[in-house]
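# Fold the following, please.
(one chain, ligands or ions: 1)
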Amino acid sequence: MLKSKLSSFFILVISLFLGSTRVYSQQITRTPYLQMVGEKSVLIRYRTNQAILSEVQISNDGKTFSRSKKTSQTTTEHQVLIDSLTASNTYFYRIRLSASQFAGDSTYFFKTAPTVGSQEKFSVWTVGDMYPVGPYQKNVYEGFKKFVGNTYTNLFLTQGDNVYSGGNDDDFQTNFFQIYQNGPLLKQSALFPSVGNHDYDAYPKTQDFPDMAYFQNFTLPTKGELGGLASGSESYYSFDYGNTHFVCLDSYAYGKDNKRIFDGPSDQLTWLKNDLKATKQLWKVVYFHFPPYTKGTYDSDSDKFPELINLRAILPKVFDENNVDLVLSGHSHVFERSKPLKNQYGLSSEFNKSVHWPQSSSGRYDKSTNSCPYLFSTGNTDKNGVIYVVNGVGGGPGTLKYGLHPVMETSLAGQAGSFYFEINGKRLDAKFINEEGNVLDQFTIFKDLNLKASSTQTINYFDKLDLSASWSGDYVWSNGEKTKNIKVNPIENTVFKVSDPQNCFQESFDIKVNPPLAIQSMEESVNIPFESLTVYDLLGRKTKEFKQSGMINKELIAELNPGLHILIYIQNGQEKSLKIRTNSY
Ligand SMILES: [Fe+2]
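Model (predicted):
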């Protein structure tokens, strides 16, 4: 009997041990990454070492996880769609791998997209050509993390050639996911990659090739789910985020029509034209792998690279016609950034800056000479242009093998880095960040900035007035104020001026002040009830305040010094004013 009890005990201990071993051997082998992030939903993807059922739990505060969604079948490739979310809201999440095992901490959170068309600020990190040679790829990410600090990054875009060692799943695991999971990016930011030639290395040059690791690893909007026209392809797609329309192209592979985008008319090109034409968003950003203009490790003038010449003959015209603001590419291992460019479809020898550069500023807006922001307009597009960025240095320092391309404002050799931009309403600020986290190039665009060069308003004596500068940024007012909105109280005609510290923008407000109220004698003023009353001298200085309701009468006036006074009082919820002269009653 005792022997039987003892053996039962040992069996229990062994099974508990085995059970616990099985439970705790379940691990996440690919950190969660966020796909299809929209206003109301997000698709969370992650990988486990064993095929299991799992569950994503959602929290508003990181403490109480009140919602959850389970996977429907055992798998190692988990894809959990979380819906019914609120736009522009932060959600914490954790992953339940077993009854007692969770993955997730306070760094596991995401933000849903702002409402489409809203002016809410958001930020984008982009990187291209992440070839794994030496420490550069990690350093570029470290440099960005140092630059951005604790500021949340909404979007993570890539400019293709996400991996270089064959393009299979191991390559993605080692050289993409394991690099960018070491920090906030994959867990927190919405990932919308583009595909490059090396992503296709081990596969046919066929868009949406189903066995290709890129298409297996990423879930991208093919049906216009996040705004834009349905592309029917994960190779090229578009989406809206806040007030911006993003378009991702495949510049390398053949579509179902057996055409590449640089071959001439194609399904992808038709979709692109229709998609850009249809969007009403304020900003338009297009990204893809091959650059239309470069002198880095490729030369967009050379017959050796006909795909670049052909690409340039097709795409920039479409971008010009549809007022695209920013085009991001990679492929050429260099950082190059153009001034706003338009109507330049030929070789660099055909470039004419007086024709093709509608704006002459460097756009840097950093107090250097000739560096005021670029000014774009949706109503009058004469001075608009497209800024082309070649950002193929996510895996190593660039070279300018073929010299300087004349359309470029900035060409940087010897620098690995990444490109970051923020869109804040009608302002776009962009920066190139190197491995150390330093900004080596930057530019600013303002769109639809209608400066009030001179405006006139008339107010009554002693009325208060709100004045507001038209741009987002920094302000120097003629009265010393430094905020966007100021409250003024002029007692005579006054011109208020505001500029930015670099003096790129000036606005002037000419305020005419109606003559003061006629002076009333004390007898006329008696017995006026008020809810509250403030007394000022003629220089606008407060001399007395009555916060309780009362009556303007002899007794009250007797409390004032002899002389002129402005009485501002609230009567029936309305502000009224009175100018009186008091004698020595
Ligand atoms: Fe490439």
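
# And what about the residue of the chain found nearest the ion, helix, strand or coil?
Closest to the ion within the chain is residue 331: 3.8 Å, counting by C-beta to the ion. Any C-beta I mention is one placed from the backbone N, CA and C, and that applies to glycine too. Here residue 331 is recorded as coil under DSSP: H, G, I helix; E, B strand; the rest coil.

# For residue 408, see how far away it is.
The gap separating residue 331 from residue 408 is 16 Å, by C-beta to C-beta, to the nearest Å.

# can you check residue 123 too?
Using C-beta to C-beta, residue 123 is found at 24 Å from residue 408.

# quick one: which of those two has more around it?
The neighbour comparison of residue 123 against residue 408 (other C-beta atoms under 10 Å) goes to residue 408, with 23 against 17.

# Quick check: bridge partners of the closest residue to the more buried one other than its chain neighbours?
Counting by C-beta to C-beta, 6 or more residues apart in numbering, residue 408 lies nearest to residue 336, which is 4.7 Å off, once chain neighbours are set aside. Beta-bridge partners recorded for residue 336 (DSSP bridges): residue 390, residue 411.

# Give me every residue in this protein lying close to the ion.
Within the chain, the residues that sit near the ion (C-beta under 5 Å from the ion) are 161, 196, 197, 331.

# Verify the contact between the first one and residue 391 for me.
Which is residue 161. No. Using C-beta atoms under 8 Å, residue 161 is not in contact with residue 391; the gap is 11.1 Å.

# what sits against residue 115?
39, 87, 88, 242 (C-beta atoms under 8 Å, 6 or more residues apart in numbering).

# let's go with 10 Å and repeat that
By C-beta atoms under 10 Å, 6 or more residues apart in numbering, the residues touching residue 115 are 39, 86, 87, 88, 240, 242, 243.

# Which ones among these map onto strands?
residue 240 (DSSP state E).

# Point out the other helices and strands that the biggest strand by length in the chain packs with.
Identified as the longest strand of the chain according to DSSP E is strand 42-52. Secondary-structure packing of strand 42-52 (3 or more C-beta pairs under 10 Å, 6 or more residues apart in numbering; DSSP states H and E): strand 28-35, strand 55-59, strand 75-82, strand 90-96, strand 109-111, helix 185-188, strand 190-192.

# roughly how far is the following helix or strand past the fourth one from the heart of the chain?
Read it as strand 90-96. Once the chain leaves strand 90-96, the next helix or strand it forms, by DSSP states H and E, is strand 102-103. Remark: strand 102-103 is offset 30 Å from the chain centroid, using C-alpha atoms, centre = their mean, to the nearest Å.

# Check stretch 252-264 too.
31 Å.

# now the end-to-end length of that stretch.
Using C-alpha to C-alpha, to the nearest Å, the end-to-end distance of stretch 252-264 comes out at 13 Å.

# what about the helices in this structure?
Secondary structure of the chain by DSSP state H: the helices cover 2-24, 136-148, 169-172, 178-180, 185-188, 213-217, 267-278, 306-321, 353-356, 522-525, 554-558.

# what about these, which gets the closest to residue 108?
Relative to residue 108, the nearest member of the helices of the chain by C-beta to C-beta is helix 185-188, separated by 5.5 Å.

# just checking, what packs against the closest one?
On a contact count with 3+ C-beta pairs under 10 Å, 6+ apart, helix 185-188 meets strand 28-35, strand 42-52, strand 109-111, helix 136-148, strand 155-158, helix 178-180.

# what do you get if the cut-off is 8 Å, keeping everything else the same?
Contact here means 3 or more C-beta pairs under 8 Å, 6 or more residues apart in numbering; DSSP states H and E; on that basis helix 185-188 packs against strand 28-35, strand 109-111.

# Need phi/psi at the nearest residue to residue 572 once chain neighbours are set aside.
The shortest distance from residue 572 to any non-neighbouring residue, by C-beta to C-beta, 6+ apart, is to residue 531 (7.8 Å). With angles defined as degrees, to the nearest 10, residue 531 sits at phi -90, psi -30.

# what's the distance between residue 531 and residue 548?
Between residue 531 and residue 548 the computed distance is 9 Å (C-beta to C-beta).

# higher neighbour count, those two?
Legend: neighbour count by other C-beta under 10 Å for residue 531 and residue 548, higher for residue 531 (15 against 8).

# Isn't the more buried one up against residue 547?
No. Taking contacts as C-beta under 8 Å, residue 531 lies outside contact range of residue 547: 9.4 Å.

# The residue of the chain closest to the ion against residue 300, yeah?
No. No contact is recorded between residue 331 and residue 300 when judged using C-beta under 8 Å, the distance being 10.1 Å.

# Among these two, which residue is more densely surrounded?
Legend: neighbour count by other C-beta under 10 Å for residue 331 and residue 300, higher for residue 331 (29 against 24).

# what sits against the more buried one?
With contacts defined as C-beta under 8 Å, 6+ apart, the neighbours of residue 331 are 128-129, 159-161, 196-197, 289-291, 294, 298, 390, 392.

# May I ask which of these has the most neighbours?
Within those, residue 390 tops the neighbour count with 36 neighbours, counted by other C-beta under 10 Å.

# May I have the beta-bridge partners of residue 326?
Per DSSP bridges, the residues bridged to residue 326 are residue 285, residue 387.

# Report the residue ranges of every domain in the protein.
For the chain, the structural domains run 24-110, 119-183+198-447, 455-513, 522-582, going by automatic domain parsing.

# With respect to burial, which of those domains scores highest?
domain 119-183+198-447 (a mean of 20; mean count of other C-beta atoms under 10 Å).

# Just give me how far that domain sits from the chain centre.
Remark: domain 119-183+198-447 is offset 15 Å from the chain centroid, using C-alpha atoms, centre = their mean.

# Looking at the contacts of residue 115, spot the one nearest residue 526.
Nearest to residue 526 among the contacts of residue 115: residue 88, at 55.8 Å, using C-beta to C-beta.

# What residue, apart from its backbone neighbours, is nearest the closest one spatially?
Nearest non-adjacent residue to residue 88, counting by C-beta to C-beta, 6+ apart: residue 114, 4.4 Å away.

# Also residue 74?
The shortest distance from residue 74 to any non-neighbouring residue, by C-beta to C-beta, 6+ apart, is to residue 51 (4.5 Å).

# if I pick that neighbour, what's in contact with it?
74, 75, 76.

# can I assume the last one is in contact with residue 53?
The reference is to residue 76. No. The criterion here is C-beta under 8 Å, and residue 76 misses it with residue 53 at 11.5 Å.

# intersection of neighbour lists for those two?
What both residue 76 and residue 53 touch, as defined by C-beta under 8 Å, 6+ apart, is an empty set.

# low-scoring stretches of the protein, by residue?
Counting by pLDDT under 70, the ranges of the chain that qualify are 1-24, 516-525, 583-585.

# Try it again at 50.
1-23, 585 (pLDDT under 50).

# ok, back up a step: common neighbours of residue 161 and residue 391, please.
Common contacts of residue 161 and residue 391 (C-beta under 8 Å, 6+ apart): 128, 330.

# give me every residue that touches the residue lying closest to residue 231 once chain neighbours are set aside.
In space, and not counting its chain neighbours, residue 231 is closest to residue 237: 4.8 Å by C-beta to C-beta, 6+ apart. Contacts for residue 237 (C-beta under 8 Å, 6+ apart) come out as 220, 221, 222, 228, 231, 247, 248.

# that older thread, distance to residue 323 for the residues of the chain next to the ion - can I get that in TSV?
Shown next, in TSV, are the residues of the chain next to the ion (distance: C-beta to C-beta, whole Å):
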residue	distance to residue 323
161	28
196	26
197	29
331	25
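
# re earlier: overlap in contacts, residue 331 and residue 300.
291, 294.

# May I see the helices and strands packed on helix 185-188 organised as JSON lines, with distance to residue 316 added?
Formatted as JSON lines, the helices and strands packed on helix 185-188 follow (distance: least, C-beta to C-beta, whole Å):
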{"stretch": "strand 28-35", "distance to residue 316": "30"}
{"stretch": "strand 109-111", "distance to residue 316": "33"}
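
# out of those strands, nearest to residue 280?
For residue 280, the closest of the helices and strands packed on helix 185-188 is strand 109-111, at 23.5 Å, according to C-beta to C-beta.
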